[in-house]
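K.L.:
Generate coordinates for the sequence data below:
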Amino acid sequence: MSTDFSQSNHRSNRQDRNLYHRHEASKPEINRQNKDVIDLALRVFSWLLEAIRVLTVKEIKIAVSVQPSRYELDELDLPNRPTLLEVCSGLVTIDEETDTVRFAHYTVQEYLVEKPTAINTGSKIGIICGTYLCFDKLAKGCPPPTDYTPALFRRRVRR
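P.N.:
As a prediction, this is how the structure comes out:
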């Protein structure tokens, strides 16, 4: 005899498996896009996976636009809101009330953690953070990236 809780739990597990398969089905849709669009989607996923708090739309737009060895941000490089959503094929959503970017469902994050292929985590995000800190508008006399990258990487790995 099954309890209400076990039936509810079974339904929940079945829904999660269905969502997992839906996320798997989104991969070909993302991969059919051109290389720059795929790269943007992977950068969005990376930042959402690695962030220690929810990011605003402005923060994610800047984060995915910073390029190593370029010490200023070109406003033309910032993706617009619809582009952020479109390249991620429904796996990311923007909360209009808080102006934040999130995964559309917690299972998206679980899926990406389980299958981290091509996600730019760890050292690459550390390099981007260091590059941002050295932007001409933020700092003068910042050391070259090779001097601080190992320290940033160690700090990210310890987290």
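K.L.:
hey, where'd the helices end up in the chain?
P.N.:
4-31, 35-50, 57-63, 81-87, 106-114, 123-133, 145-158 (DSSP state H).
K.L.:
which residue packs closest to residue 49, ignoring adjacent ones?
P.N.:
Spatial nearest neighbour of residue 49, chain neighbours left out: residue 112 (5.9 Å); criterion: Cβ to Cβ, 6 or more residues apart in numbering. (C-beta placed from N, C-alpha, C; glycine too.)
K.L.:
Show the pLDDT at residue 34.
P.N.:
What the model reports as pLDDT for residue 34 is 84.
K.L.:
What is the burial count for it?
P.N.:
The burial count assigned to residue 34 is 8, neighbours taken as other Cβ atoms under 10 Å.
K.L.:
For it, give its distance to residue 84.
P.N.:
Computed as Cβ to Cβ, to the nearest Å, the residue 34 to residue 84 distance reads 16 Å.
K.L.:
Which pLDDT does the model give the residue nearest to residue 49?
P.N.:
pLDDT recorded at residue 112 is 82.
K.L.:
Would you confirm that it contacts residue 47?
P.N.:
No. Shown here, residue 112 and residue 47 do not form a contact pair, counting by Cβ atoms under 8 Å, at 11.6 Å.
K.L.:
pLDDT of stretch 56-76, averaged?
P.N.:
89.
K.L.:
List the neighbours of it that are in contact with it.
P.N.:
The contact list for stretch 56-76, computed with Cβ atoms under 8 Å, 6 or more residues apart in numbering, reads 40, 43-44, 47-48, 55, 77-79, 81, 84, 94, 98-101, 127-128, 131-132, 134-137, 145.
K.L.:
Low-confidence ranges, the protein, go.
P.N.:
Counting by pLDDT under 70, the chain contains low-confidence ranges at 1-31, 116-122, 137-159.
K.L.:
Apply 50 and report the result again.
P.N.:
Applying pLDDT under 50 to the chain flags residues 1, 5, 7-12, 157.
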